[in-house]
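K.L.:
coords please:
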Amino acid sequence: MMKNLTMLMDYYELCMANGYLQNHMEEKTACFDMFFRKVPDNGGFAIMAGVEQLIEYLKELTFTDEDIEYLRGRGFAENFLTYLKNFRFTCDVWAIPEGTPIFPGEPIVTIRGPVAQAQLIETMLLLTINHQSLIATKANRIVRAAQGRTVLEFGSRRAQGASGAVYGARAAYIAGVNGTACVISDREFGVPALGTMAHAWIQLFEKELDAFEAFAVQYPDNCTLLIDTYNALKSGVPNAIKAFDNVLKPIGKRPRGIRIDSGDITYLSKQARKMLDEAGYEDCKIVASNSLDEYLIRDMLNQGAKVDTFGVGERLITASSNPVFGGVYKLVAVESGGELQPRIKVSENVGKITNPGFKKVYRLYEKETGKAIADVITLFDETIDDSQPYELFDPVHTWKRKIVTDYVARPLLEPIFVKGECVYESPAIEDIRNYCAGQLATLWDEVKRFENPHKYYVDLSQPLWDMRDRLLTASQRF
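P.N.:
Sure, this is the predicted structure:
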């Protein structure tokens with residue numbers, strides 16, 4: 001679905017790439033990491049998403065004649081325009097697979113290659129991963145709040161633009177949502193599209209019962225009726241029951257459900273459940289919608305709401321409670337003397353100091369339980385031998401140490417491109433979704449709490465910590 005978005009970049013990337021070329025540095029090998037600093041909503045983890053669209057973008061990197069003419073009009077040098085006209089992506093790319101729980105500070109995408117190329121892709125890389133990871137993370141919070149009940153994504157009309165709706169539905173499905181109202185996401189990605197009626201259907205008929213019966217005739221195998229157009233309990237549910245009796249029962253069909261879109265849904269669902277059960281429709285599901293999020297869903301269920309399915313719109317598709325996933329893209333190493341030399345960004349804000357060097361990430365799992373213990377960021381040429389004990393230590397409070405045994409060490413970053421050629425086949429969306437569920441099961445419940453989750457540790461290896469400490473000390477001489 002993605003078109004050529006090569007020019008979706010910040011202007012400063014063009015300025016820097018042009019500057020690299022004029023200083024004969026454009027082919028200098030550099031290494032950049034994408035990472036994020038904070039989990040949205042103060043949660044315990046985020047979920048990686050958007051890798052498939054990143055791959056599509058990188059495959060389509062081409063500056064068109066129209067692009068070149070536009071940039072000529074902005075005064076860029078002719079040798080830079082020639083460079084862009086002949087542009088071919090040749091970088092190496094590693095990424096953590098979609099559906100993996102991810103944590104602050106660790107590289108989730110790593111780029112190694114000519115610095116001008118690596119610089120030019122910054123904006124789209126961040127945009128793609130930030131957006132889908134944000135929505136996947138929010139969607140999974142809502143799914144967990146629903147405690148095994150069906151959750152549907154209903155937010156297309158409130159999304160920030162078409163791509164926000166389409167890719168948001170994809171990300172939500174990866175994270176556990178059961179379907180979407182967005183038809184194009186079904187066509188393009190296989191996210192099941194679902195839906196029945198709006199209030200306009202009922203208002204178009206002279207009587208509510210007429211509207212219900214007409215719909216039941218039209219869709220006898222998928223009859224879900226919206227019961228709150230006039231009065232949910234006095235007319236909506238009684239008329240729904242009459243429609244089921246008059247249309248579905250004689251032909252041996254059962255209703256799919258009723259939907260409540262306003263009012264005190266907890267109270268209404270309890271009363272509606274009684275009425276449906278008394279009428280012999282114990283299998284008729286109750287769907288709830290209307291500006292829901294994980295906190296409202298949790299409270300409704302704690303108060304005994306009889307809801308089987310939640311349709312969640314604006315607060316999911318916009319991640320309205322915390323609508324920014326703060327992924328950043330930082331230079332961490334530069335070629336010098338034929339080798340990659342580490343680079344570090346130092347800040348008065350300690351949280352913005354970067355981890356230098358060309359790196360990889362391991363996740364350590366307990367053999368007995370299969371639960372994740374911690375992530376360890378290492379130098380790229382390091383290997384964690386899980387046949388041997390391994391000492392973890394807090395990179396800030398270094399006296400906090402723990403030796404782990406009987407564990408499995410799994411590298412998280414997978415090669416996606418080698419010298420510009422894609423070497424990774426994106427899994428089918430159902431496989432990503434199942435993988436995500438399996439990986440979430442490796443996290444302790446304490447990490448999944450909405451409030452004050454247990455901190456999952458992302459530690460540095462001793463060689464990486466030593467390198468970082470050395471560079472921090474050296475930086476004080478400037």
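K.L.:
so after the strand ranked longest in the chain, what's the next helix or strand?
P.N.:
Across the chain, the longest stretch assigned as strand under DSSP state E is strand 327-336. The helix or strand immediately downstream of strand 327-336 is strand 339-342, counting by DSSP states H and E.
K.L.:
could you say what helices and strands that next one packs with?
P.N.:
Packing partners of strand 339-342 (3 or more CB pairs under 8 Å, 6 or more residues apart in numbering; DSSP states H and E): strand 327-336. Bear in mind the C-beta positions are built from the backbone N, C-alpha and C, glycine included.
K.L.:
then the strand it packs on to PDB, C-alphas only?
P.N.:
C-alpha atoms of strand 327-336 as PDB (Å, rounded to 0.1, in the frame of the first residue of the first chain):
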ATOM      1  CA  GLY A 327      11.600   7.200  19.600                       C
ATOM      2  CA  VAL A 328      14.800   9.000  18.700                       C
ATOM      3  CA  TYR A 329      17.600   8.300  16.100                       C
ATOM      4  CA  LYS A 330      21.200   8.900  17.300                       C
ATOM      5  CA  LEU A 331      24.700   8.500  15.800                       C
ATOM      6  CA  VAL A 332      26.600   5.900  17.900                       C
ATOM      7  CA  ALA A 333      29.700   5.100  15.800                       C
ATOM      8  CA  VAL A 334      31.700   6.400  12.900                       C
ATOM      9  CA  GLU A 335      34.300   4.800  10.700                       C
ATOM     10  CA  SER A 336      37.900   5.900  11.400                       C
END
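K.L.:
Against which helices or strands is that strand packed?
P.N.:
Strand 327-336 makes packing contacts with strand 29-36, helix 122-145, strand 339-342 when contacts are defined by 3+ CB pairs under 8 Å, 6+ apart.
K.L.:
ok, back up a step: off-centre distance for the longest strand of the chain?
P.N.:
24 Å (CA atoms, centre = their mean, to the nearest Å).
K.L.:
That one versus helix 122-145: what angle between them?
P.N.:
Orientation of strand 327-336 against helix 122-145 (axes from the mean of the first three to the mean of the last three CA atoms, to 10 degrees) gives an angle of 140 degrees.
K.L.:
Okay, now the sheet partners of strand 327-336, with direction.
P.N.:
Using DSSP bridges, strand 327-336 pairs in its sheet with strand 29-36 (antiparallel), strand 339-342 (antiparallel).
K.L.:
what does that strand contact?
P.N.:
For strand 327-336, the surrounding residues in contact (CB atoms under 8 Å, 6 or more residues apart in numbering) are 28-37, 108, 112, 115, 122, 125-126, 129-130, 133, 340-345, 354-359.
K.L.:
Filter these down to the buried ones, ChimeraX style.
P.N.:
Under the burial definition 16 or more other CB atoms under 10 Å, those of these that qualify are selected in ChimeraX by:
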select :29,30,31,32,33,34,35,36,108,112,115,122,125,126,129,130,133,340,342,343,344,354,355,356,357,358,359
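K.L.:
And stretch 317-329, end to end?
P.N.:
24 Å (CA to CA, to the nearest Å).
K.L.:
all helices for the stretch 51-200 of the chain, in order.
P.N.:
All helices of the stretch 51-200 of the chain, identified by DSSP state H, counting those that start in this stretch, fall at 51-59, 65-73, 78-85, 115-120, 122-145, 162-174, 183-189, 199-204.
K.L.:
excluding its backbone neighbours, what's nearest I108?
P.N.:
In space, not counting the residues next to it along the chain, I108 is nearest to I96; the distance is 4.8 Å by CB to CB, 6 or more residues apart in numbering.
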